[in-house]
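Undergrad: quick one, fold the following:
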Amino acid sequence: MLTQNQMAFKEWGAVCAALGQGLQSVIVRKGGIHEGQLGFRVDHREFWLFPTRFHQGAEQLQPEFNDLLNAPIATEPASGKIMLALYAVVESVLEIKEPSVLTSLNSLQVLNQETIQQRFEYKNPGLFVLLVRAYQLPQPFELEDEPRYAGCRSWVELSQEFSTSSLTPVLTDEQFQQQEQAFEQMVA
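TA: Residues are numbered from 1 along each chain as shown. This is a model prediction of the structure:
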């Protein structure tokens, strides 16, 4: 793991909450409007999770996970502030091109089938599934929101590097191995 990092990955606050609570270990990504013609790419193998509140709603989650929208990481911080509490290390990347694989994602993450299907079909069919190991800080970092963080993009470079020295894994090694096995079975 890097000792410090200033790269961040924008993701729905509810998904960040799910990662932080150990409810999922994957990120499903199509890419933002500003990703360019090539679309989303895994440019960084480690990053801070940057919770966003745009375009997310209870109707996009599996019903049993609607309460994630009320988790502290999923709610709006004080005006002009961003809270960083989670860090992710990418363990594996899968690009899905076959819609038949989509239903196997249900048990691995909190988005509902309709949302997954919409992401898959947007522009060119396909999407990426990142198996990530999530880590948490004992106390979140607070930073100023900046205009350059705005917009529909996956990656943002933070104004400074933040230390990873006090991170602890969300899941035990054994729990993460179970998530890894479920991920591998999806593609088998």
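
Undergrad: for the lengthiest helix in the chain, packing partners?
TA: Determined from DSSP state H, the single longest helix within the chain is helix 173-187. When contacts are defined as 3 or more C-beta pairs under 8 Å, 6 or more residues apart in numbering; DSSP states H and E, helix 173-187 sits against strand 81-96, strand 127-144. Placement of C-beta: from N, CA and C, glycine included.

Undergrad: show residues contacting it.
TA: Where contact means C-beta atoms under 8 Å, 6 or more residues apart in numbering, the residues beyond helix 173-187 that reach it are 22, 24-26, 91-92, 94, 101, 104-105, 107-108, 129, 131, 133, 169, 171.

Undergrad: let's see that with 7 Å instead.
TA: By C-beta atoms under 7 Å, 6 or more residues apart in numbering, the residues outside helix 173-187 that reach it are 22, 25-26, 91-92, 94, 101, 104, 107-108, 131, 133, 171.

Undergrad: just stretch 6-17 next, same as before
TA: So stretch 6-17 is contacted by 27, 44, 47-53, 56, 61, 68-69, 71, 73-75, 86, 88, 110, 153-158, 160-162 (C-beta under 7 Å, 6+ apart).

Undergrad: please check the residues you listed and keep the buried ones.
TA: Among these, those scoring as buried are 27, 44, 47-52, 56, 61, 68-69, 71, 73-74, 86, 88, 110, 153-156, 158, 162 (criterion: 16 or more other C-beta atoms under 10 Å).

Undergrad: distance of Gly151 from Leu137?
TA: 26 Å (C-beta to C-beta, to the nearest Å).

Undergrad: same deal with Cys16?
TA: 13 Å.

Undergrad: quick one, which of those two is more surrounded?
TA: Neighbour comparison, Cys16 and Leu137: the larger count goes to Cys16, with 27 against 19 (by other C-beta atoms under 10 Å).

Undergrad: for that one, phi and psi?
TA: Main-chain torsions, Cys16, degrees, to the nearest 10: phi -60, psi -40.

Undergrad: per-residue pLDDT, it?
TA: Looking at Cys16, its pLDDT stands at 97.

Undergrad: what's the answer for Ala8, then?
TA: Residue-level pLDDT assigned to Ala8 equals 97.

Undergrad: for Gln177, same thing?
TA: Predicted confidence (pLDDT) for Gln177: 97.

Undergrad: just the helices in the chain please.
TA: 13-20, 113-121, 173-187.
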